[in-house]
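Undergrad: test case, fold it:
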Amino acid sequence: MKPKLILMSHGNMAAETLHSAKMIVGELIDAEVVSMTEADGMYGTTKKLVQILDSLGNRQVLILADLKGGTPCNVGMMQMSEHPNLRVLSGLNLAMVIEAAVSQIEQIDELTDYLCGIGKNAIEKIELPELDDEDGYEE
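TA: Just a heads-up that it's a prediction; the model follows:
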């Protein structure tokens, strides 16, 4: 069984990223969302996550959090000691969510390593190609 995916972020980033991924790959994504509000803080965010984790039992879970060192990521990290099948990746982006949806990888550590690479490779400076004089625009 593939690991369960939980997207966590400040505000609605996680929910909107999931929505965007579903626009691209449809309902292939089996994911939960924890959106931290300004009022949640550490306590409220922990409560939201623990409720989801408790419903999953001993299932493998991968959290994709928006920002390393931010509350959503820290809350996920603090749950790792109580949930040995839990892994956390920071740097949530659309490419990672899409790949998690379509990947057939079932082993949690292998999937975590794979998605880490996908996330890093999704970041690239885009530049216009240089035109030679022969490729120039005709008037």
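
Undergrad: could you use CA atoms for every contact and neighbour count after this?
TA: Noted.

Undergrad: and Leu115, what's its pLDDT?
TA: With respect to pLDDT, Leu115 has a value of 98.

Undergrad: what is the longest helix along the chain packed up against?
TA: Ranked by residue count, the top helix of the chain under DSSP state H comes out as helix 41-56. Helix 41-56 is packed against strand 31-36, helix 71-79, with contacts defined by 3 or more Cα pairs under 8 Å, 6 or more residues apart in numbering; DSSP states H and E.

Undergrad: stretch 93-106 - what's its average pLDDT?
TA: Rounded mean pLDDT across stretch 93-106 is 96.

Undergrad: and the nearest residue to Ala122 once chain neighbours are set aside, how close does it get to Leu64?
TA: Spatial nearest neighbour of Ala122, excluding adjacent residues (Cα to Cα, 6 or more residues apart in numbering): Ala95 at 6.4 Å. Computed as Cα to Cα, to the nearest Å, the Ala95 to Leu64 distance reads 12 Å.

Undergrad: the two: who's more crowded?
TA: Leu64 (28 against 18; other Cα atoms under 10 Å).

Undergrad: where along this protein do the strands fall?
TA: 4-10, 31-36, 61-65, 86-90 (DSSP state E).
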